[in-house]
Each structure stands twice: as structure tokens, then as C-alpha cells.
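> Okay, sequence plus prediction incoming.
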Amino acid sequence: MHPEKPKHDFEPKIIAFVCTWCTYAGADLAGTSRMQYPPNVRVLKFPCTGRIDPVFILKAFQQGADGVLVSGCHPGDCHYIAGNFHARRRFAAFRKLLEFVGVDLNRLQFSWVSAAEGGKWVEVVTELTEKVRSMGPMVEFKELALEEQWSGAIDTPELKEAYEQI
Amino acid sequence: MSRIGVFICHCGENISRTVDVERVAAQVGKLPGVAFSTDYKYMCSDPGQNLLKKAIQEQKLSHIVVAACSPRMHERTFRKAVEAAGLNPFLCEMANIREHCSWVHEDKEEATAKAIEIVGMMVERVKKNRVLPTITVPVTKRSLVIGGGIAGIQAALDIADCGHEVILVEREPSIGGHMAQLSETFPTLDCSQCIMTPKMVDVANHPKITLYTWSEVELVEGYIGNFQVTIRRKARSVDEDKCTGCGVCMEKCPIKKIPNKFDCNLGMRPAIYVPFPQAVPNTPVIDRANCTKFKTGKCGLCQKVCGPGAIDYEQEDTLVVEPVGAIVVATGFDLYTIDEKPKGSAIKGYGEFGHGKIPDVIDGMTFERLASASGPTGGKILRPSDGKEPKQIVFIQCIGSRAREKGISYCSKVCCMYTAKHTMLYHHKVHDGQAYVFFMDARTPGKNYDEFWRRSIEEEEAVYIRGMVSRLYQKGDKIVVMGSDIAVGVQVEIEADMVVLATAVQPQKGADSLAQKLGISYDKYNFYSEAHAKLRPVECATAGIYLAGACQGPKDIPDAVSQASAAAAKVMTLFAKDKLEREPIVARVKEGGCVGCFACKKVCAYGAVEEKEIRDRQGNLIKVVAYVNPGVCGGCGTCQATCPSKSVELDGYTDEQIVAMIEAL
């Protein structure tokens, strides 16, 4: 019935930070319209993109996300008057910082998806998944996370093993 | 230790078709902290909810995750069920495995794996959920209406008729607003004063309405249900309680030649005056800038002739503080200033139309005063320059409106209709006259509006010329109007006796400063912004403040009246309860960490952040910290993401909860 889906060696993990009023509702609409998109995305709901702390994006990369999507209401449509403007300004600065530390900005996408744009949600998620898949896994942060553990806790299996070898 | 219950819904087949729900229940049941997990065909049905309630009681569950449809669909349903079983409703979360999983994927393996992750994420989140109390705030059941035009009057009457006190504040000496200036109204041509003045009298006589004319809002503090409004009552120099409104002072005043703003400066008034004979209240005010007594200290004639002794030259401005629970803003509109460029504004004037230089080029409101039976000419259409009847009259539409190059790109909505009305009024009064209208296109949506416009052409002989005017100039006692007729493609030149410009509608001057006092938002033209263009058109995003009339955007009388009644209905909804309940998704400051930088205050769109002093037992100031007023907070969480010391937290969306979700991945 359905065309056979191509098998990939690598399935990226995408984390989406979305606002509840526009993009979450847009994703709901994609569902009610029975649109199809890759299952790689995990959605985290926030009241507003203004609530999204850039630290969450770093945390997501650290936890093994290969791509991060931040999406909210179109400019001027914010349910909370101006939260998305604050978010836009914050992320404009944050992108520069990420670029500076060497993160490929193609792994991080910002978009506006309204509650009426189920199709756009599908498009954005599909595109980002394809793009990140072609880039391969994001390893930099995982390595950083390991380093962090060197300086702190000593009860991870890797560290225990390392200690035993000394 | 938490005892989490997880309930997986089949949603008939909607979920179970692509997600192996039994496997999800089994997998999730193994997660640390999960004490109970099960699946059921319809969780939202009565038996489903009873299953949930029974499990909470029998298994002594502490937190609940329902994996089903979108929380936008049934979060409320399940939180209610959880509450009925004795748990705090905010200890229940929903995992969306329908809209975000089963409906958008086809591969059962993939979808099941995703569903397990989604539920796992919510399990980790719910562990960090805290008991949130429902927030209640008291409601003061009095309201303030700002602006005494038709919108403000309608809102005030509607609220007062429901038995609640209303404070109506008007900047001018009388209520009535622009509608009191109009001659007749479209599309019925009924006399504006005849339908307006009875309402004005109703306001004055209503036992529940306190009327403050010649007054302005000075300061607004507080939040929904609990505002404190300071009103400046400007010195009237006449004691309102003593004055009987006999008018002898106005007759005797020796200064008689002050242009009357109400008559668009065509008529004259004395230094002690009421703006128009039907003014409410009928108490005069002394124009101190023009009064001889105030200028030189001599005269005092009005005081001598006043029988009740109401004249008081010593009167000063007073400040009144009124506690109110809701505010209706109905400040209305002003007309576009054709010939001057307002300071600091991007809006430009129209020097080319000679307004202000050629006396017989007037604006639409001036024409209304000429046509009004109570106007300076007693309702005769006469030229301001020589008092002759104009035999050829040209109306030019869209002056300022829809002119991006002049700074206004919106349509003023009423001008097409009032120009059609003007041509009719003109035709009724000057039978041998001819009216021409230059127009871009006629916008006549509204009940009986298009019929009315067509009548002006078909029955009242107005000649409509599609095209704009490029230039106007005086030639003898005529005004030469040069324009183009784009329908025919020719240049048109008309020697007119009078030209009427249909000027754009703009917000009242000072609309922005009032918005700042109220903490409401406004657009680039200073029109006030509603909370949602379609679904919350009369509410401001700031809770407890409502909009009525043209302060929100150009509106005609029926629209302004409807919106005023809608705003009144919203106020009544608010007043229907003694206490306000709201979702406890609000920001809270951790005072220990707050350094008082107030970055949160700068980003808060609601003005919910206040400064709070922390003192020791001796009363010495230790530090000033931020305090989020839960009644005002909108719950967006922008403050939390902004706070450099992470000292403010949005309940329901704490860092702990979000990080727990990210870590579950």
C-alpha cells in the first residue's frame, strides 16, 4: 500500500521547543489533518517562546539531541503580547554565541508556525530532520559532557573503568 | 517517593491502531517511580475517569500521567477527575500520543517507540510537579469608564443598569463627544442630537453613575478587580452643586468672541461657557486663559450676576481616588490635522489642499456643524468666508486615510458613508446646488449602507468622480479643483464654491500617554490593541481593562455602541463572582537570590513586576527585590528566561520540570 520507506543508518534526535498557543496547536492540527512526518521529533511545550531559556538548547544538545527546533507565534501574534519578540532578540544573540563556540547553526532552527499552519509544521520538521540526518550525529557536546564529569562526579561507569585502569 | 500512575488511552482505535498501547503500558510501568500503569479504550469516558479515580484511591497514587490526546483537548477533563479523587489537579499531566504520534506516523514500531519516549518524558516531568493552589483575588464591583462619547455613555449605562456603580470621566466640560457634534446620522438620517441627548440625560440622572466632567485620569494603580484610579478634577471655577444652569453668567460675560471648539471654531462663545446648549452637566466652566478676571483681576461680572453664588474664582484642581474593579476605555477619535505636521509624528499634512489658507476649504466635521440645526448657521449651508450659499460643492475623500506616503495606511471606515450623507444633506438644503465627490472607491459594508450610498447618486444627484485631486487654488471667490477622472481617463477641473475634505480618523491626542498610565498596548498610530483580533476584540491583554469605540480603530456609531455593550458584558462577567479564580501558572520570585536588577520588570508585558522592600526587624532596609503580582501576571515566563540569577520561577513550567524532560530523552 504505502511506498516502502528508505532505511537510514542514522536516525537523528530532534527536540522541539514550542509555545502552547501557536506552534503546539499547529502541530495538533497536523495531527488532526492526519499529515505525516518523520517520528524523530520530541515536542516540549512552553507557555511562550519567551519562556525558553537558551540553556535548554544547550542542555538538549548535551543530552544527545542532534537538532533543536524553536518555534512560536508569528511576530505580532504573541498570546502574551511580546514574548516572542523577547525570544527572537535573545536567540539572535544566542546564535552568534553558538557559532563562536563552534556549533553548526544548521542544527538549530527557529521558525514561526501559527495554530493554523499544520502544513508548515510538517514542512519545518521534515526539512530539519533531513538536514540533520545528512549532517550526521552531533558528538561535540557529548564529548564535552564527558569532560564535565571528569571534573565532578566519579561514579559513572566510564570513570570507574578509567580509575581501575590507573 | 512519588507513586505515579500512568494511564494509556486507546482512543477507540485512533491511538491503538499505530501504537502498541499494551507495550507502552508495560514499558512505562518499569520506570522508577511508576507505581501503576494501565491502558483503557476510552480514558475520557465516564468509566475511564472512574478507573482513574479508583486507581488514585486504591493505589494511593501521588502523580498522574494520562497518555492520550492533546492537552488542549482534555487536560481540563483529567485534571478535574484527579481533583475529584482528592489530588491537586496540577499533579496531573498529559502525554500527547495522538496528535503528535499515532495520527502522524504509520509505522507501528516507530510510533510505539516514540510513544514510550513521550510518556517517559512526562513521567519525569510530573515527578517535579508541585501542588499549586488556585489563586483567588477579590473583585471591587465598581467600574471606571474613560470617555463620555457615545461608546462611554453606552458602556456606563449598561453597567449601571445591572446595578453596579460606574465612574464616568470626561475630559471636556460636557459629555456627548463627537456624536453630539453631528447633524444627522447615516444610514437613516435621524438627527444625532435627538438620539444622543436623551442618553446623556440618562447618564446624569442615573443613581449608579458618578459623572466627572472636566476631569482626567491622572494615575492608575493595581490590577484586575482591584484598581486604584486617581482622577484630576480640573478647576471649573463654578460650584457644580450650587449652579442651577440658568445661563445668566454667559449672557453677561463681556468677552464674547472666543471661537467655539465644539462648532469647529465657526461660532463664538463667551469666556464662561458650556460648549453647547444641551450640555450635560449644564454647568458652565470659566476659560481662564481668556477671562478678564483671571487675566487682569478686574471684571468679576459673572460672580455679581450669579444668583446662587456658584462662581468661585479661587477653586483649584482636586484629586479624587476611586477604587474600581474594571476599566472601560472609550476615549474615541480625533480628526487628522490636514495642514500641520504633528511634532514627532511620521504623519504628514496636505499643504496642497489649501486647508487653513482658503477659508472655504473645510473638513467634514465643520460641514456637520454647518448642517446642524443647533450649529453656528442654524443649519444653513453657508460659506465661512462670505456667508453665501455654495452652488457647486466638491467633496474629496480619503484625506489622510489610505495614504501611505502621508503616514496613514488604514481606511478610516466612516468617510465614504458620511460623505454620501453630506451630499444628501447638501441636496436637501440647497436644491439648485450640485455636489461632486472625488473618491478612490466606495467602502460601504454595513446594514443598509450600500443602498444609502447608491441613493446619494441615484436620487440625490451627487456626481461621483473616481480619481484624486492634485491641486486646489483660489480664483476670485471660486476654488478651482483640479483632479482626474480615471474611469474616463480625462483631467477634470471644477470651479467650486466650497470644498469639504473627508479627513482621516485618528486616536485622541494623548492616547499614548493614557495607555502608558493604564499599561495597555497600542499600535503605531496610537490606536489601542485588543487581546485578540478575532476572539477577544473588546478586551485588552491587560486583564480587567476593556475597549469600546473608536479608540481601538475607526468605527461608526453602530459599531461603537455594539462594542460598548460588549465591553459592559465583559465587565458584568467579571463582576458576576465575588472572587476571581485564575490558573496558578504565574511567576514567583525567590527573594533569596534576587539582586533587584529588575531585568524581569523591563521584559514584563503586563507590568506585573513590582518592587518590594525587605527590611530587618529594626526596620532597616536590607534590599529591594522583585515581586510578581499574581493577579496581574500573564504567565508567559519571559521573566524567568531573562533573570540572570534564575531567581524567578514560573509555576508549572519550572526549570526543574523542563530539564527533567530534556534529561529523559
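Noted; the coordinates are in hand.

> Report the secondary structure state of the residue in the stretch 401-550 of chain B positioned nearest to chain A.
Closest to chain A within the stretch 401-550 of chain B is B:Ala541: 4.9 Å, counting by Cβ to the nearest Cβ. Any C-beta I mention is one placed from the backbone N, CA and C, and that applies to glycine too. Under DSSP: H, G, I helix; E, B strand; the rest coil, B:Ala541 falls in the coil class.

> can you give me the strands for chain A?
A:14-19, A:41-46, A:67-72, A:108-112 (DSSP state E).

> For chain B, find the nearest of these.
Comparing these under Cβ to the nearest Cβ, the one sitting nearest is strand A:41-46, at 5.6 Å.

> what helices or strands is the closest one leaning on?
Under the contact definition 3 or more Cβ pairs under 8 Å, 6 or more residues apart in numbering or on different chains; DSSP states H and E, strand A:41-46 sits against strand A:14-19, helix A:23-32, helix A:118-135, helix B:108-127, helix B:655-663.

> same thing but at 7 Å, please
Strand A:41-46 is packed against strand A:14-19, helix A:23-32, helix B:108-127, with contacts defined by 3 or more Cβ pairs under 7 Å, 6 or more residues apart in numbering or on different chains; DSSP states H and E.

> which neighbours does the first one have in its sheet, and in what orientation?
Strand A:14-19 pairs in its sheet with strand A:41-46 (parallel), strand A:67-72 (parallel), by DSSP bridges.

> Would you tell me which residues of chain A are close to chain B?
A:2, A:13, A:15, A:25, A:27-28, A:30-32, A:34-37, A:39, A:42-44, A:46-48, A:50-53, A:56, A:59-60, A:63-65, A:80-83, A:86, A:90 (Cβ under 7 Å from any Cβ of the partner chain).

> what about 6 Å?
Contact residues, chain A versus chain B (Cβ under 6 Å from any Cβ of the partner chain): A:28, A:31, A:34, A:36-37, A:39, A:43-44, A:47-48, A:50-51, A:53, A:59-60, A:63, A:80-83, A:86.

> Now restrict those residues to buried residues only.
A:28, A:31, A:37, A:39, A:43-44, A:47-48, A:50-51, A:53, A:59-60, A:63, A:80-83, A:86 (16 or more other Cβ atoms under 10 Å in any protein chain shown).

> B:Pro259 contacts B:Asn265, correct?
Yes - taking Cβ atoms under 6 Å as the definition, B:Pro259 is a contact partner of B:Asn265 at 3.9 Å.

> Quickly list what B:Gly5 is bridged to.
Beta-bridge partners, per DSSP bridges, of B:Gly5: B:Phe36, B:Ile64.

> Determine which residue lies closest to the centroid of chain B.
B:Leu547 (2.8 Å; Cα atoms, centre = their mean).

> quick one, what contacts that one?
B:Val329, B:Tyr528, B:Glu530, B:Val538 (Cβ atoms under 6 Å, 6 or more residues apart in numbering or on different chains).

> The closest residue in space to B:Met440 that isn't next to it in sequence: neighbouring residues, count only.
Residue nearest to B:Met440 in three dimensions, not counting chain neighbours: B:Cys398, with 5.2 Å by Cβ to Cβ, 6 or more residues apart in numbering or on different chains. Using other Cβ atoms under 10 Å in any protein chain shown, B:Cys398 has 24 other residues around it.

> go on, B:Lys577?
For B:Lys577, using other Cβ under 10 Å, the count is 12.

> residues near the spatially closest residue to it that is not a sequence neighbour, how many?
Spatial nearest neighbour of B:Lys577, excluding adjacent residues (Cβ to Cβ, 6+ apart): B:Val139 at 6.7 Å. By the criterion of other Cβ under 10 Å, B:Val139 has 19 neighbours.

> I figured B:Val139 was touching B:Gly225, is that so?
Yes - in this structure, B:Val139 is within contact of B:Gly225 by Cβ under 6 Å, at 4.0 Å.

> what sits in contact with each of the two?
Contacts common to B:Val139 and B:Gly225, judged by Cβ under 6 Å, 6+ apart, are B:Gly325, B:Leu580.

> Could you give the bridge partners of B:Val166?
B:Ser143, B:Ile209.

> Can you show me the CA trace of stretch B:473-490 as CSV?
Output of stretch B:473-490 as CSV, limited to C-alpha atoms (Å, rounded to 0.1, in the frame of the first residue of the first chain):
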residue,chain,number,x,y,z
TYR,B,473,-6.4,77.1,-5.6
GLN,B,474,-8.4,80.2,-5.1
LYS,B,475,-9.5,82.1,-8.2
GLY,B,476,-11.6,85.1,-7.3
ASP,B,477,-14.3,83.8,-5.0
LYS,B,478,-14.1,80.4,-6.5
ILE,B,479,-11.9,77.4,-5.6
VAL,B,480,-10.5,75.6,-8.6
VAL,B,481,-10.3,71.9,-8.1
MET,B,482,-8.0,70.0,-10.4
GLY,B,483,-8.3,66.3,-10.5
SER,B,484,-8.5,63.3,-12.7
ASP,B,485,-11.4,61.0,-13.6
ILE,B,486,-9.6,57.7,-14.0
ALA,B,487,-12.8,55.9,-15.2
VAL,B,488,-12.9,58.0,-18.3
GLY,B,489,-9.2,58.9,-18.4
VAL,B,490,-9.6,62.7,-18.5
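
> for stretch B:19-36, the distance to its chain's centre please.
50 Å (Cα atoms, centre = their mean, to the nearest Å).

> which residues touch that stretch?
B:2-6, B:8, B:10, B:37-39, B:55, B:59, B:102, B:111-112, B:115-116, B:119, B:123, B:127.

> filter these to the buried ones?
Buried among the contacts of stretch B:19-36 by 16+ other Cβ under 10 Å: B:2, B:4-6, B:8, B:10, B:37-39, B:55, B:102, B:111-112, B:115-116, B:119, B:123, B:127.

> For A:Cys73, which non-adjacent residue is closest in space?
A:Cys73's closest residue in space is A:Cys22 (Cβ to Cβ, 6+ apart), at 3.8 Å.

> So for chain A, the centremost residue is which one?
Centre-nearest of chain A using Cα atoms, centre = their mean is A:Val68, 1.8 Å out.

> So it sits against A:Ile15, correct?
Yes - under the criterion of Cβ under 6 Å, A:Val68 makes contact with A:Ile15 at 5.3 Å.

> Quick check: neighbours shared by these two?
With Cβ under 6 Å, 6+ apart, A:Val68 and A:Ile15 have common neighbours A:Ala60.

> hmm, back to that, next up, the contacts around the residue of the stretch 401-550 of chain B closest to chain A.
Here B:Ala541 is in contact with A:Ile81, B:Ala531 (criterion: Cβ under 6 Å, 6+ apart).

> about what we covered before: any chance of the strands paired with strand A:14-19 in CSV, plus mean pLDDT and distance to B:Asp441?
As requested, the strands paired with strand A:14-19 are exported to CSV (pLDDT from 0 to 100; distance: least, Cβ to Cβ, whole Å):
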stretch, mean pLDDT, distance to B:Asp441
strand A:41-46, 96, 45
strand A:67-72, 95, 38
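
> Single out the most deeply packed of the ones you listed.
Neighbour counts (mean count of other Cβ atoms under 10 Å in any protein chain shown) averaged over each of these peak at strand A:67-72, with a mean of 27.

> so how far is that one from its chain's centroid?
5 Å.

> So what's the residue count around B:Gln392?
Neighbours of B:Gln392 using other Cβ under 10 Å come to 18.

> Enumerate the beta-bridge partners assigned to it.
According to DSSP bridges, beta-bridge pairing links B:Gln392 with B:Gln434.

> ok, it to chain A distance?
46 Å (Cβ to the nearest Cβ, to the nearest Å).
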